[in-house]
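K.L.:
give me a 3D structure for the following:
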Amino acid sequence: MIRKCRERDIDQILEIWLSASIKAHAFVEAEFWASKVNEMRDVYIPASETFVFESDNQIAGFYSLYGNTLAAIFVSPELQGEGVGSAMLDDAKSRRECLQLSVYQENTPSINFYKKQGFILLGEQVDERTGHSELVMEYYG
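P.N.:
So this is what the prediction gives:
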């Protein structure tokens with residue numbers, strides 16, 4: 001079930017974000033992600049419209065929209081590949097006519113996932129926080 005995030009969900013969301021970020025972005029030091037947990041809790045999540053995928057009273061994943069930007073989409077590492085990400089992305093697409101996102105160029109599995117979901121490449125940029133290249137992608141429904 002996909003539903004709007006509740007305040008009591010935040011600890012599970014942050015656990016998923018940290019573990020999935022470290023797994024997907026091995027090219028960035030784990031300490032960098034750990035140093036951003038408070039920023040996620042205090043700035044990014046409150047500023048966004050966040051939804052969770054809940055199964056058996058556990059959060060399996062979440063995504064955040066900031067305007068027409070898919071600011072985050074993360075699935076618990078042990079549940080990746082089971083359709084949670086696709087279900088959340090379908091839900092996000094149903095809420096916006098157009099979605100943009102940025103994804104690290106080194107994150108090939110995620111790039112392939114977004115392409116399979118109908119996203120197209122718009123351009124490249126550098127993430128100033130990490131110095132790594134990102135692809136900017138867009139979905140227009």
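K.L.:
OK, contacts around the closest residue to Thr50 other than its chain neighbours?
P.N.:
Distances taken as Cβ to Cβ, 6 or more residues apart in numbering put Cys5 closest to Thr50, at 3.9 Å, once the chain neighbours are dropped. Using the backbone N, CA and C atoms, a C-beta is placed for each residue, glycine as well. For Cys5, the contacting residues are Ile13, Ile45, Thr50, Phe51, Val52, Phe62, by Cβ atoms under 8 Å, 6 or more residues apart in numbering.
K.L.:
out of these, which is most surrounded?
P.N.:
Most neighbours among the contacts of Cys5, by other Cβ atoms under 10 Å: Phe62, with 28 neighbours.
K.L.:
close enough to count as contact, it and Glu49?
P.N.:
No: look at Phe62 against Glu49 with Cβ atoms under 8 Å: they stay out of range, at 11.1 Å.
K.L.:
Ala30 contacts Ala24, doesn't it?
P.N.:
No: if you go by Cβ under 8 Å, Ala30 and Ala24 don't touch, sitting 11.6 Å apart.
K.L.:
ok, those two, which is more surrounded?
P.N.:
Ala24 (20 against 14).
K.L.:
what residues does Ser64 make contact with?
P.N.:
Tyr44, Ile45, Ser48, Glu49, Thr50, Phe51, Leu70, Ala71, Ala72, Ile73.
K.L.:
list the contacts for the fifth one?
P.N.:
With contacts taken as Cβ under 8 Å, 6+ apart, Thr50 has the following neighbours: Lys4, Cys5, Ile13, Phe62, Tyr63, Ser64, Leu65, Ala72.
K.L.:
which of these fall in helices?
P.N.:
Ile13 (DSSP state H).
K.L.:
ok, the contacts of Thr50 vs Glu128, which is closest?
P.N.:
Nearest to Glu128 out of the contacts of Thr50 is Ala72 (Cβ to Cβ; 17.8 Å).
K.L.:
partner residues bridging the closest residue to the closest one other than its chain neighbours?
P.N.:
Nearest non-adjacent residue to Ala72, counting by Cβ to Cβ, 6+ apart: Ser64, 4.2 Å away. Counting by DSSP bridges, Ser64 is bridged to Thr50, Ala72.
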